[in-house]
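Colleague: what's the 3D shape of this:
(one chain, ligands or ions: 1)
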Amino acid sequence: MEHYDVVIIGTGPAGLGAAFALLDARPGLRIALIDRNQYSSGGLRNDCKMNFSWPVGFPEDDWDKAVAERYLERVERFLAPNILERKSVDMYAHRAERLGARLLEIRQAHLGTDGGLALIKRLVAELSDRGASPSLGETVVSIHAERGVMATDKRELSFGAALVAPGRAGFSFLQDVMRANGVAFVDNVVDVGVRVELREDRYPIVHDYYDPKFLFPKKVRTFCTNSRAAHVVQEKYEDDAGVWYSVNGHAWSADRPANGLANFAMLKTIALTEPLASGQDYARALGAQAMLLGGGHPIMQRIGDFRLGKRSTRDAFTGDLYDFAPTLASCTPGDLGLAVPAKVMRALWNALKSLDTIVPGILHPSTVLYYPEIKTYANKPVFLDPASFRAAPRLYLAGDGAGTSRGITAAWASGMRVADGIMDELGLHP
Ligand SMILES: Cc1cc2nc3c(=O)[nH]c(=O)nc-3n(C[C@H](O)[C@H](O)[C@H](O)COP(=O)(O)OP(=O)(O)OC[C@H]3O[C@@H](n4cnc5c(N)ncnc54)[C@H](O)[C@@H]3O)c2cc1C
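Modeller: Have a look, this model is predicted:
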C-alpha cells in the first residue's frame, strides 16, 4: 500500500492552499492530491473572481476578522492577483444606506472561466514539479482515519493525515466520511434565491465595481455578479431526491467578446432550527419542486410577467417583452410564484425593489429571473480542534463542503489553516 505523509482530497482552492502551504514549510513532504475530476469543479474553473476583503466568503462562526485577515494576506501574497480598480461608488453606497441596505467595499480580482482554468493547470503542474503527487480522475470512496487508510476507485493508500475538501458538490461524500469516523455534525444554513439576467447598461455599477456586494434586510444579498461576456449556466445535483439543477453564472475573461449582458444572484440565507428538518433536505426538496414545475429544467420568468402575476410563456422570450435572448435558453418559461416559498419570494422581491431604487432600471420588464439558485453546504462538522478544522485525530475537513468557506479565497485560507494544524499534529515543524 502506498504511504503519504498527507493525502488531500479535492484540488479546489482548499486542497491547493493546504498543499502549497505544506510544501512551503516542508519541501520534501510526501503529499498525494486526489480529485475525481480532471480539473477542480468549483469557482476556480468557473468565472474565478476572487475577493480579498473580510467578511466576504468567511463564515463568521469559524473566522474572526483578525484571523481571516492574517490568512488573506498570505493568500494574496501567494496568488499575486491583479486587483481591479474600484471607482467611486459613494452614490450607490449612500442610496443603499437610506434604504437600510449596505454596499460592501471589497478588493477584487477577476480571471474569468478561461483564466481560472489556466491557473489550475499551472498550479497543479507546479505541485508536481515540487514533488507532490496529483492524481486526477480518481475518486475517494472511504476513509478510516483511526487506521490511517483510505480507499479510492483505483487503490488503497495509507496516510499520516488527511484533508477532505470535496466542495459543495461533494457534501454527501463528506457526510459519509463524518458518519464513518464518528464525527458529529450540526445542520448548516442554505442560500436560496434567483439569478437575475439583464442588459449590462441597466446595471451600470458593474463598470465601476466588478462584483458589487449589497446586503439587504432579511439576510438577503447580491452574489456573484458577472458582466462583459456573462452567461447563466446550470449545475447538476444528483441525490436521493433525484436529479435537479441549480442555476449559476459566470463570465469569460476580458479577452473574449462582450455580449452586453450581466447577471447576478439575489440570495436569502435560511437557517432552520429544531425540530425542523435539515436545511440540506429542505434545499433538495425545493430543487425537486422546481424541476417538477419546470419539467426537469429550472424556471425562467420575465419581470414584466412576474409583476402581472402571470407565467411567462415562450413568446415572452420572442414577443413583446423581448429585449435580449436569455443565455440559458433551455430553462422552462414559467411562474416563480408557484415554485418559490412566499417568505423567500417576499424578501427577494423587496431586495430587488430596493436595488432598483439604488440602480434604477434593473426591474425593466425584459429582465429575466431564473430559479432555483441554491447553495447547500454540508452539515457542519463539530471540530475537535476548531483552530485547524481537525475533526478527528489525523482527519481534517475544510472548504465549502465543510462550511468553513463560501468562496475561493476563504477556501484557500481554510486549506492554509489546516496545513498549520497538520504541521503541529505531526510534529513537522523544522
Ligand atoms: C459555478 C460556480 C462558480 C463559482 N464562482 C465563484 C467565484 O467566481 N468566486 C468565488 O470566490 N467563488 C466562486 N464559487 C464558489 C467557489 O467555487 C468555492 O467557494 C470554492 O471552490 C470552494 O473550494 P473547495 O476547495 O472547498 O471546493 P471545490 O473547489 O468545489 O473543490 C472540491 C474538489 O473535490 C473533488 N471531489 C469531491 N468529492 C471527491 C471524492 N470523493 N474524491 C475525489 N475528489 C472529490 C471535486 O471534484 C472538486 O474538484 C463558485 C462556485 C461554482 C459552483
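
Colleague: My guess is Asp356 contacts Leu363. True?
Modeller: Yes - using C-beta atoms under 8 Å, Asp356 is in contact with Leu363, at 4.3 Å. (Each C-beta comes from the backbone N, C-alpha and C, glycine too.)

Colleague: can you pull out the helices in the chain?
Modeller: Assigned by DSSP state H, the helices in the chain fall at 13-25, 65-79, 90-98, 112-129, 171-180, 279-293, 303-308, 336-339, 342-358, 408-425.

Colleague: quick one: which of Asp356 and Leu363 has more around it?
Modeller: Legend: neighbour count by other C-beta atoms under 10 Å for Asp356 and Leu363, higher for Leu363 (20 against 16).

Colleague: which residues does the more buried one contact?
Modeller: By C-beta atoms under 8 Å, 6 or more residues apart in numbering, the contact set of Leu363 is Ile303, Arg307, Leu352, Lys353, Asp356.

Colleague: Asp187 too?
Modeller: By C-beta under 8 Å, 6+ apart, the residues touching Asp187 are Ala271, Leu272, Ser278, Gly279, Gln280, Asn379, Lys380.

Colleague: ok, the last one to Gly407 distance?
Modeller: So the one you mean is Lys380. 17 Å (C-beta to C-beta, to the nearest Å).

Colleague: on that earlier part again, overlap of the contact sets of Asp356 and Leu363?
Modeller: Counting by C-beta under 8 Å, 6+ apart, nothing touches both Asp356 and Leu363.

Colleague: before we move on, back to that, confidence-wise, which of the contacts of Asp187 comes last?
Modeller: Least confident of those in the model: Asn379, at 74.

Colleague: quick revisit: so which of the contacts of Leu363 comes closest to the ligand?
Modeller: Leu352 (21.3 Å; C-beta to the nearest ligand atom).

Colleague: Any idea how many residues pack against that closest one?
Modeller: 21.

Colleague: isn't it right up against Val196?
Modeller: Yes - Leu352 is within contact range of Val196, at 7.3 Å (criterion: C-beta under 8 Å).

Colleague: Enumerate every residue touching Pro27.
Modeller: Arg130, Gly131.

Colleague: Roughly how far does it sit from Gly131?
Modeller: From Pro27 to Gly131 the distance is 7 Å (C-beta to C-beta).

Colleague: One more: Gly15?
Modeller: Distance from Gly15 to Gly131, by C-beta to C-beta: 16 Å.

Colleague: Which of these two has more residues huddled nearby?
Modeller: Gly15 (30 against 12).

Colleague: surely that one meets Asn37?
Modeller: No - counting by C-beta under 8 Å, Gly15 stays clear of Asn37, with 11.8 Å between them.

Colleague: Now find how far off-centre stretch 286-298 is within its chain.
Modeller: 21 Å (C-alpha atoms, centre = their mean, to the nearest Å).

Colleague: List the buried residues in it.
Modeller: Leu286, Gly287, Ala288, Gln289, Ala290, Met291, Leu293, Gly294, His297, Pro298 (16 or more other C-beta atoms under 10 Å).

Colleague: now stretch 199-210
Modeller: Arg199, Glu200, Arg202, Tyr203, Ile205, Val206, Tyr209, Tyr210.

Colleague: from what I can see Ala14 touches Ala165, true?
Modeller: Yes - contact criterion C-beta under 8 Å: Ala14 and Ala165 qualify, at 3.7 Å.

Colleague: between those two, who's got more neighbours?
Modeller: Using other C-beta under 10 Å, the more surrounded residue of Ala14 and Ala165 is Ala14, with 38 against 34.

Colleague: For the more buried one, give its distance to the ligand.
Modeller: Ala14 is 3 Å from the ligand, where distance means C-beta to the nearest ligand atom, to the nearest Å.

Colleague: sorry, back to before: can you redo the helices of the chain as CSV with distance to Ala391?
Modeller: As requested, the helices of the chain are exported to CSV (distance: least, C-beta to C-beta, whole Å):
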stretch, distance to Ala391
helix 13-25, 14
helix 65-79, 19
helix 90-98, 39
helix 112-129, 24
helix 171-180, 7
helix 279-293, 18
helix 303-308, 44
helix 336-339, 36
helix 342-358, 32
helix 408-425, 11
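
Colleague: Which of the ones you listed sits closest to Ile143?
Modeller: helix 171-180 (5.3 Å; C-beta to C-beta).

Colleague: Pull the distance from that closest one to the chain's centre.
Modeller: 19 Å.

Colleague: which outside residues touch that helix?
Modeller: So helix 171-180 is contacted by 140, 142-144, 164, 166, 183-185, 239, 280, 376-379, 381, 391, 395, 397, 401-402 (C-beta under 8 Å, 6+ apart).

Colleague: Please pick the buried ones from those.
Modeller: 140, 143, 164, 166, 183, 185, 280, 376-379, 381, 391, 395, 397, 401-402.

Colleague: ok, and which of these reach the ligand?
Modeller: Val140, Pro166, Gly401 (C-beta under 6 Å from any ligand atom).

Colleague: ok, of the contacts of Leu363, which one's closest to Gly100?
Modeller: Nearest member of these to Gly100, counting by C-beta to C-beta, is Lys353, at 12.3 Å.

Colleague: what residues do Leu352 and Val196 have in common as contacts?
Modeller: Residues within reach of Leu352 and of Val196 at once, by C-beta under 8 Å, 6+ apart, are Met266, Ile362.

Colleague: What parts of the stretch 251-400 of the chain come near the ligand?
Modeller: Gly399, Asp400.

Colleague: so where's the stretch 251-400 of the chain shaky on pLDDT?
Modeller: Low-confidence segments of the stretch 251-400 of the chain (pLDDT under 70): 275-277, 378.

Colleague: Show me where it has its strands.
Modeller: For the stretch 251-400 of the chain, the strands defined by DSSP state E, counting those that start in this stretch occupy 261-270, 299-302, 332-333, 368-376, 380-381, 390-392, 395-397.

Colleague: Please dump those strands into CSV; it should also carry distance to Gly427 for every row.
Modeller: As requested, these are arranged in CSV below (distance: least, C-beta to C-beta, whole Å):
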stretch, distance to Gly427
strand 261-270, 40
strand 299-302, 55
strand 332-333, 57
strand 368-376, 37
strand 380-381, 24
strand 390-392, 14
strand 395-397, 16
